[in-house]
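*Asks:* how does the following fold in three dimensions:
(one chain, ligands or ions: 2)
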Amino acid sequence: MNEALKIVNLRKDYPLPHGKLCVFKDVNFSLKRNEIAAIMGVSGVGKTTFLNLCGALDRPTKGKILIEGEDINAKDNRQKAEIRNKKIGFIFQFYHLLPEFNAQENVSFPLLISGYSSHEAKKKALDMLKEVSLEDKAFIRVSQLSGGEQQRVAIARSLINEPALLLADEPTGNMDWQTGKKILKLIRELHDRKKLSSIIVTHNEKVARFCDRVYLMDGGDLKLFNHL
Ligand SMILES: Nc1ncnc2c1ncn2[C@@H]1O[C@H](COP(=O)(O)OP(=O)(O)OP(=O)(O)O)[C@@H](O)[C@H]1O
Ligand SMILES: [Mg+2]
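*Replies:* Ligands and ions are numbered 1, 2, ... in the order given. Here you go, the predicted structure:
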């Protein structure tokens, strides 16, 4: 099986006080193993909604989501949580870190959840913080870090469990291009070393050019760009 992720006839409606909002109603998409796909599109078009569905953080109104061939919405909540912890790395648009904990603790949480000892988890977290050039900030509470630094903590956390699928919402949105490039190189290196597959939502054409394929979300559809 050559697909990390397959999306079939996906529809998402949000309930509104009067009626509903249909964000998209028939999206089809496939991510090959090892591929990095970029998704672009104007604000409010549904990119974050799409990523949340791909990562089983929300349920589709209709359609199927297959992660490495497995239909995630056919699983119960416990199984879904396990798939999220073991197979999926999320980089959220607004980081979702735990502000009262330091960078090392934030990065080590997914490992603790999957059964590592505290000592081992903290050691690995420190190594991962080195990869995003943040080892000198490891023991600082994340509420005291800059936006770009918090984003790098979130990136380290998303990669710590060596996921099969990385879902990244504007992962380099808050950093200068030099730092952003370093993060993208790290993601590419993990693709080569660990057979990672990724979707990167971005507004930045430089980031999109770095990816293997670029899609545009527009009018409820995902269209492949031939040239950027
Ligand atoms: N929980 C929700 N309930 C109702 N409507 C929602 C909810 N989340 C998002 N929406 C709406 O769905 C649409 C798509 O939102 P989404 O966050 O997916 O956009 P986006 O493409 O990620 O935008 P941005 O580039 O600004 O991050 C928007 O119109 C938004 O207002
Ligand atoms: Mg968004």
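
*Asks:* who in this structure is up against ligand 1?
*Replies:* 14, 21, 23, 41, 43, 44, 45, 46, 47, 48, 49, 93 (Cβ under 6 Å from any ligand atom). Every C-beta, even on glycine, is put in place using the N, C-alpha and C of the backbone.

*Asks:* 8 Å - rerun?
*Replies:* Residues of the chain lying close to ligand 1 (Cβ under 8 Å from any ligand atom) are 14-16, 21, 23, 41-52, 93, 169-170, 201, 203, 217.

*Asks:* from ligand 2, how far off is the residue nearest the centre of the chain?
*Replies:* Nearest to the geometric centre of the chain sits residue 167, at 2.0 Å (Cα atoms, centre = their mean). According to Cβ to the ion, to the nearest Å, residue 167 and ligand 2 sit 12 Å apart.

*Asks:* before we move on, what about residue 78?
*Replies:* 28 Å.

*Asks:* could I get the average pLDDT for stretch 146-157?
*Replies:* In this model, stretch 146-157 carries a mean pLDDT of 92.

*Asks:* mind listing what's buried in the helix or strand of the chain with the lowest mean pLDDT?
*Replies:* Least confident helix or strand, the chain: helix 177-194 with a mean of 87, by mean pLDDT, DSSP states H and E. For helix 177-194, burial by neighbour count (16 or more other Cβ atoms under 10 Å) applies to 179, 180, 182, 183, 184, 186, 187, 188, 190, 191.
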